[in-house]
Every structure is written in C-alpha cells, then in structure tokens.
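>>> The sequence isn't on hand, but the structure is:
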C-alpha cells in the first residue's frame, strides 16, 4: 500500500489520466461503460491532489454524468491557459454525455446508443494527450492492455456481442 507522500509525488509528476483513443473506445464498449467511470475517477484523483480540492473522487466518478461538466471545465481551463488548440467544450460535451448515458432507457434496439457515450469523452482525452505533449515531464500514455484489461475485453466483449445479437434477433 502506498503512503500519501508517494501518491502525491506520483500525481505531481503526472498529468491527467488518459488512454489512447482506441483503448478508451474498446474498454468503454467491453466494460459496458465502467471504464468511463474509471477514467473519470483517475482524473478526479489527480485534480484533488493537484488543486487541493476537498472532494471525494469515487463519488464524483460514480455520479460521472452529473459531475462531468466540472471535470471538463477544469481540463478546459488548463488547456486554454496553455493555448492548446482543442475541440473541447465542457458544457456541450457534458450535456451530450449525460443524454447519451440516459439513452439506456430506450426500447430495443435504440438503447444500444447509450454505449456510444464514450464519444463525448474523446475530445477531453485528446486534450489530455495534447497537455501531455507540452508537459516537461515524460508521461506514459496508457495504451497497452494488461491482465484485467484483457479479461474485460474477452468477457465483456463476448457479452456485448451477445447482447447486440439478442437485441436484433428478438425483433
């Protein structure tokens, strides 16, 4: 277990959490959106330490559709401060993410649209990657799959494919 000083050093020497766009897409689909919560959690942990916020990152990630605007606003402000060109518009993408997550309530097969919610995190992820490029510290981009990632891809991917097949075969 890491002590708080080790965690603070780790965060001070890093940037926001990012994944390669392909990994974000695949992991979001194969984990039925749980990877999006993980992505949000890791970024809230970073912001909590870096900006000394009195927040609970777990709950901010758990209620990600409600808190995404705040997360994206912090990111957008930092990107703007560094004059990095980006397509990130915190309010627009937060609202679109909220709506896309709520689409799971639609009837067959339209509920499948809710799985595309990751699309509205891609501009933020790209902004994080651009921040990383401008950073003075070397930042390792999370683009490799390891144990839990492969398990999620294999099992979650199979379940996702079965869900899609069942949705269209029952029509």
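On my side now, so go ahead. Remember, it's a predicted structure, so these values are computed and weren't measured experimentally. Numbering: from 1, shown residues only.
>>> For residue 156, which non-adjacent residue is spatially closest?
residue 30 (3.6 Å; Cβ to Cβ, 6 or more residues apart in numbering). C-betas here are computed from N, CA, C, even on glycine.
>>> Contacts only, for the one you found.
Residues in contact with residue 30 (Cβ atoms under 8 Å, 6 or more residues apart in numbering) are 152-153, 156-157, 160.
>>> got a pLDDT number for it?
pLDDT, residue 30: 93.
>>> Kindly report the same for residue 144.
76.
>>> Over to residue 139?
Value for residue 139, per-residue pLDDT: 62.
>>> got the buried residues for stretch 27-35?
Buried positions in stretch 27-35, judged by neighbour count with 16 or more other Cβ atoms under 10 Å: 27-33, 35.
>>> Those residues in helices, which ones?
Among these, the members found in helices (DSSP state H) are 27-30, 35.
>>> Farthest pair within these?
Farthest apart among these by Cβ to Cβ are 29 and 35. That separation is 8.6 Å.
>>> what do those two both touch?
Contacts common to residue 29 and residue 35, judged by Cβ under 8 Å, 6+ apart, are residue 118.
>>> ok, which stretches of this protein are strands?
Applying DSSP state E to the chain gives no strands.
>>> Flag the shaky bits of it, pLDDT-wise.
Residue ranges of the chain with pLDDT under 70: 1-14, 137-140, 170-171.
>>> And the helices in it, which stretches?
Using DSSP H, helices in the chain cover 4-12, 21-30, 34-50, 57-62, 64-81, 90-102, 122-134, 147-151, 157-169.
>>> contacting residues around residue 106?
113-114.
>>> going forward can the numbers begin at 303, since that is how I track them
In the new count, where the first residue is 303, that last one comes out as residue 408.
>>> how close does it sit to residue 423?
21 Å (Cβ to Cβ, to the nearest Å).
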